[in-house]
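In: fold the stuff below for me.
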Amino acid sequence: MKKIYTVHVLLLTMSMSFGQAITELWNYPLPEKTDRTSPAIADDGTVYVACDYTTRNVLGVGNTEPNFFAINPNNTLKWQASITEGAAFDKVDQIISSPSINADGSIYMGGHYGRRIYKFDASTGTFITRDLGSRIRYTAPAYSATGNVYIATRNNGDKGFRDLSPDFLTQNWVFGTAIDFNSTPAIASDGTIYAVATNDNIYAINTNGSQKWFATYGTGGYASSAIALATDGTVYMSAKLNAAADGVLKAYNPVDGTEKWSVTFTGENAEQGGPAVAADGTVYLGNAGGKMQAFNPSTGAILWTYTASAGIEVVPAIDNDGKIYFGATDGMFYVLNPDGTEAYTPLDLGDKITSSAVIGSDGRIYVLSTTGTGANSGKLYALQTTATGLQTGGWPMYGKNPSHTSNVSTITLSTNKVSAINGFKVYPNPVKDGEFYISTLSNGEKSVQIFDMLGKQVYSKNIEANEKIKTSNLKSGIYILKLEENNKVATQKLVVN
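Out: Numbering: from 1, shown residues only. Predicted coordinates:
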């Protein structure tokens, strides 16, 4: 049951204080509910969100059932798309993960039962995809400092944690092929990747996919939470500790995985959501018992506790004034001061919030909620407080930033995967009359591969200098051309008319 908030006024007091109200700027209805998915915000203010259909129909003419959306900051639709599953990829997929945005503005998103990762063009919503052979749940793609895509997968024979090139043409490595990974990872300044699994272990992974260290967080535990990193590199993670569903928050030394401290929450699960870290190092974590708590980063001592009206299964977000934002599983949305007192009167946004709030560069707050069931049960809310931005420093929200890169470092796309061959040119492009040429500065022997937008190879050949490439067997459409020459690789979009 939701709490009823009342304001008591004492007429005889000399000074009075009233709870400030959160301003709802607008809301955007989604076709269905939202579940374990959080918005991502691009540099231009576009908000990317997903919904999850209760009944996942087979798509057809007049039945597209879009489940992924680009929403402009003025509450209009930019584009929408369908992430699909099924033998023919014609059935709307379950979406219980979050999007993230790479350095070039491309949006990456995973489907659950479809076992595929998608890369969306920010302008048009067109996409390429790669079959991973394993399901994606409760996570968001993260990025290396050079833009490689890290994705956690679970279930099926190809599960594990993997590294893909931004164009999906190369899978660089897979770590833990027998391990289920549900959670969102974190990447340190030295490139080390931290990922928590469902087998009671947290792993530190080197950039070449080898294991740096692992530590055991529980016995009969479980984790699908997001990891956070402190400025000094300390690794924070939350989880279900044991079969009794006690929760736990742990702090690890990033060098060798030794435990700095641990806090147990009896009967209060912490497997969903995850911690956030303020600029001063304070750690914030909510749990299924409805408690939002602040922890001393040196000792793990609880500094304060705020009890919400229902369970908290999200990562809190911290604004530039140090205020903390989060929703609860009964649809109430909260803003707390850094001392744990209410900064604003809690706002009723529906029946359920399992979406971590996102704070944009202008201070606008976005969060997803669900009210009821069926059509238009999900909503994206745009809210305003006195915040003018996200807090600088620490790990102030899910995925660290509005793009959810989950990396301490700034992301820049690697050049050795995209334009490493000098003078690389395709002409004509768009291709006309069923043929085209490739030229490079060295103009040597080349290996040419063409992939369709589903990642399937449709052409492969070694060619000599100035050799004509025929595409008469290719349908009109958009393809990805991969060129290898002198041990260098380049890719380019190819349009066939």
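In: for Q293, list each beta-bridge partner.
Out: Beta-bridge pairing for Q293 (DSSP bridges): L285, T305.
In: list the contacts of it.
Out: Y284, L285, G286, N287, I302, L303, W304, T305, Y306 (Cβ atoms under 8 Å, 6 or more residues apart in numbering). From N, CA and C alone the C-beta is placed, and that goes for glycine too.
In: please report the distance of it from T129.
Out: According to Cβ to Cβ, to the nearest Å, Q293 and T129 sit 40 Å apart.
In: count of neighbours near Y222?
Out: Burial of Y222 is recorded as 23 neighbouring residues (other Cβ atoms under 10 Å).
In: spatially nearest residue to the residue nearest in space to the middle of the chain (excluding sequence neighbours)?
Out: Closest to where the C-alpha atoms of the chain average out (Cα atoms, centre = their mean) is A140, at 2.7 Å. Residue nearest to A140 in three dimensions, not counting chain neighbours: S98, with 4.0 Å by Cβ to Cβ, 6 or more residues apart in numbering.
In: and what about the one you found, helix, strand or coil?
Out: For S98, the assignment made with DSSP: H, G, I helix; E, B strand; the rest coil gives coil.
In: pLDDT wise, what is it at?
Out: On the pLDDT scale, S98 is placed at 98.
In: my guess is it contacts S403, does it?
Out: No. The criterion here is Cβ atoms under 8 Å, and S98 misses it with S403 at 11.0 Å.
In: before we move on, the earlier item: in contact with the residue nearest to A140, which residues?
Out: When contacts are counted by Cβ under 8 Å, 6+ apart, S98 is found next to 36-40, 50, 109, 139-140, 184, 356, 398-399, 404.
In: out of those, which comes closest to V58?
Out: Nearest to V58 out of the contacts of S98 is A50 (Cβ to Cβ; 19.4 Å).
In: thinking again about what came up before, among the contacts of Q293, which two are most distant?
Out: Across these, the longest distance by Cβ to Cβ is 15.4 Å; it joins N287 and L303.
In: what about the two, which has more around it?
Out: Using other Cβ under 10 Å as the criterion, N287 and L303 rank with N287 on top: 24 against 14.
In: what's in contact with the host helix or strand of Y203?
Out: According to DSSP states H and E, Y203 maps onto strand 201-205. By Cβ under 8 Å, 6+ apart, the residues outside strand 201-205 that reach it are 161, 175-176, 179, 192-197, 211-217, 223, 227, 235, 237, 250, 252, 254, 257.
In: follow-up on the earlier one: what sits in contact with each of S98 and S403?
Out: Here S98 and S403 have A40 as joint contacts, going by Cβ under 8 Å, 6+ apart.
In: ok so, going back, PyMOL command to pick out the buried ones of the contacts of strand 201-205?
Out: Remark: buried members of the contacts of strand 201-205, expressed as a PyMOL selection using 16 or more other Cβ atoms under 10 Å:
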select buried, resi 161+175+176+179+192+193+194+195+196+197+212+213+214+215+217+223+227+235+237+250+252+254+257
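In: now, which of the contacts of strand 201-205 lie within strands?
Out: Those of the contacts of strand 201-205 mapping onto strands are 161, 175, 193-196, 211-216, 235, 237, 250, 252, per DSSP state E.
In: what pLDDT does the nearest residue to F451 once chain neighbours are set aside get?
Out: Distance criterion Cβ to Cβ, 6+ apart; nearest residue to F451, sequence neighbours excluded, is I480 at 4.7 Å. In this model, I480 is scored at 85, pLDDT.
In: F120 too?
Out: Confidence at F120, expressed as pLDDT, is 96.
In: contacting residues for it?
Out: Taking Cβ under 8 Å, 6+ apart, we find F120 in contact with F68, A70, A81, S106, I107, Y108, M109, T126, F127.
In: mind doing that once more with 7 Å?
Out: A81, S106, I107, M109, F127 (Cβ atoms under 7 Å, 6 or more residues apart in numbering).
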